[in-house]
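1. can't give you the sequence, but here's the structure:
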């Protein structure tokens, strides 16, 4: 058992402890004997096998730290300042031993056993703000932990509840809006405007919120269907009024026959009959509208069927066009291949024609030279009749004739090449 101050108790956030307060001075000397906490006397053996929790025991001097105990839930006006609580810092909850029970071995043993159970029967202690002084018909009801159930969960009232804290600056801005709304609904005893400071008042987990300010509406009769004010809707008086009227539960009218005479009953019956006739008329109108809607539904179904058929036809046409497109692409590729092949052949033919033209020019030049040479030889033969020149002339004539034969052969080869090229071009054009 450790004796320490409140600051030391919560220094380690992982600690789960039973804190006990005693009014005896120098409690560290006599607490163990007085509370009967000797390990040999407490029958809690075996709890470690049933739970994975760590439970430490701490003692605080109530003469020095009783204000700390009151913040945890101790009775400030208690005659005997004895108080025990189990604090679970990890889960942010604590359980208080009933102060009506005597603080002895059996009561402490009982709360330890209940806390160590898998399904603990202990109820979480809710820290509450001291009760506010009664005001005459306040516009906005200040809710505390003690009166939350009696006001907010009252099945006869529609309650608009504002969750706020004293450190929330924007929460204070909403006060004037809530005051204006409360003034508008002052005469309506079925609608209540309230607020709660959650920093000073704990609530059950199902009624807590995760940010501030938050506005919840609890309709009468249907408290389980509470509604949160939309976050994307501006906070204005008209919007708050619409929000209340939209989700509030209207009062159920009482049976008029309870406090009516026969004439009143007759009048009520006539009114009910008129209402029945009106409802029957509305039913007929609704049936006519249903019939018209059925016809419209049939027309829409027919249009949808026609649309589906057209869609299938378009899909088929699209498929045919895609096949034709693929065929055209293949034909285009084939033509492109033929074009490339013919271009290559024409390029080769052009090169050959260039070679032939060059050869032809050479032959023409040689032919011209030969003609000049033959003319010169003939003139020489005519002018020179000397027999001594006969032999050389004959030799020269032989050389000239040989040259002429060679020239004739080259001309024939050139002519054959030209004819071959012309035939190739004709075949290309025909293809």
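-> Cool, the structure landed. All of these numbers come straight from a predicted model, not from anything done at the bench.
2. over stretch 86-101, what's the mean pLDDT, rounded is fine.
-> Mean per-residue pLDDT for stretch 86-101: 77.
3. can you give me the offset of that stretch from its chain's centre?
-> 40 Å (C-alpha atoms, centre = their mean, to the nearest Å).
4. go on, stretch 103-123?
-> Computed by C-alpha atoms, centre = their mean, the separation of stretch 103-123 from the middle of its chain amounts to 45 Å.
5. and if you look at stretch 328-340?
-> 52 Å.
6. so who does residue 418 touch?
-> Residue 418 sits next to residue 356 when contact means C-beta atoms under 8 Å, 6 or more residues apart in numbering. To be clear about C-beta, it is placed using only N, CA and C from the backbone, and glycine gets the same treatment.
7. in this protein, which spans are strands?
-> Along the chain, counting by DSSP state E, strands occupy 2-3, 16-22, 56-61, 83-88, 93-96, 141-143, 158-164, 191-197, 214-218, 227-228.
8. can I get these in JSON lines with mean neighbour count and distance to residue 367?
-> Listed next are those as JSON lines, based on neighbours: other C-beta atoms under 10 Å; distance: least, C-beta to C-beta, whole Å:
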{"stretch": "strand 2-3", "mean neighbour count": "12", "distance to residue 367": "134"}
{"stretch": "strand 16-22", "mean neighbour count": "22", "distance to residue 367": "126"}
{"stretch": "strand 56-61", "mean neighbour count": "18", "distance to residue 367": "130"}
{"stretch": "strand 83-88", "mean neighbour count": "21", "distance to residue 367": "125"}
{"stretch": "strand 93-96", "mean neighbour count": "18", "distance to residue 367": "125"}
{"stretch": "strand 141-143", "mean neighbour count": "20", "distance to residue 367": "129"}
{"stretch": "strand 158-164", "mean neighbour count": "23", "distance to residue 367": "120"}
{"stretch": "strand 191-197", "mean neighbour count": "21", "distance to residue 367": "125"}
{"stretch": "strand 214-218", "mean neighbour count": "20", "distance to residue 367": "116"}
{"stretch": "strand 227-228", "mean neighbour count": "12", "distance to residue 367": "113"}
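9. quick one: these as CSV, columns for distance to residue 176 too.
-> Listed next are the strands of the chain as CSV, based on distance: least, C-beta to C-beta, whole Å:
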stretch, distance to residue 176
strand 2-3, 51
strand 16-22, 43
strand 56-61, 44
strand 83-88, 40
strand 93-96, 36
strand 141-143, 16
strand 158-164, 12
strand 191-197, 13
strand 214-218, 15
strand 227-228, 22
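10. which of those has the lowest mean pLDDT?
-> Minimum mean pLDDT among these: strand 16-22, a mean of 55.
11. could you chop the protein up by domain?
-> The chain breaks down by automatic domain parsing into domains covering 2-116, 141-247, 348-430.
12. let me have those domains in CSV, extended by distance to residue 312.
-> Shown next, in CSV, are the domains of the chain (distance: least, C-beta to C-beta, whole Å):
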stretch, distance to residue 312
domain 2-116, 64
domain 141-247, 44
domain 348-430, 48
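13. quick one: closest of the ones you listed to residue 295.
-> domain 141-247 (34.8 Å; C-beta to C-beta).
14. wait, residue 156 touches residue 220, no?
-> Yes. Between residue 156 and residue 220 there is a contact at 5.8 Å, judged by C-beta atoms under 8 Å.
15. which neighbours do those two have in common?
-> residue 190.
16. for those two, indicate the residue with more neighbours.
-> For residue 156 versus residue 220, neighbours defined as other C-beta atoms under 10 Å are more numerous around residue 220 (18 against 11).
17. got the contact list for that one?
-> Contacts of residue 220 (C-beta under 8 Å, 6+ apart): 154-158, 190, 248-249.
18. go again with 6 Å.
-> For residue 220, the contact set (C-beta atoms under 6 Å, 6 or more residues apart in numbering) comprises 155-158, 249.
19. which residue sits closest to it, ignoring its sequence neighbours?
-> Closest residue to residue 220 apart from its sequence neighbours, by C-beta to C-beta, 6 or more residues apart in numbering: residue 249 at 4.5 Å.
20. and the one you found, what pLDDT?
-> For residue 249, the model assigns a pLDDT of 76.
21. likewise for residue 25?
-> At residue 25, the model reports a pLDDT of 40.
22. now the helices for the stretch 51-200 of the chain?
-> Here the stretch 51-200 of the chain has its helices, by DSSP state H, counting those that start in this stretch, at 62-72, 105-116, 148-151, 169-173, 175-184.
23. export those to CSV and tack on mean pLDDT?
-> Formatted as CSV, the helices of the stretch 51-200 of the chain follow (pLDDT from 0 to 100):
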stretch, mean pLDDT
helix 62-72, 75
helix 105-116, 78
helix 148-151, 92
helix 169-173, 86
helix 175-184, 91
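24. nearest to residue 48, of those?
-> helix 105-116 (8.8 Å).
25. show residues contacting the closest one.
-> The contact list for helix 105-116 (C-beta under 6 Å, 6+ apart) reads 36, 42, 44, 47, 51, 86, 97, 101, 120-122.
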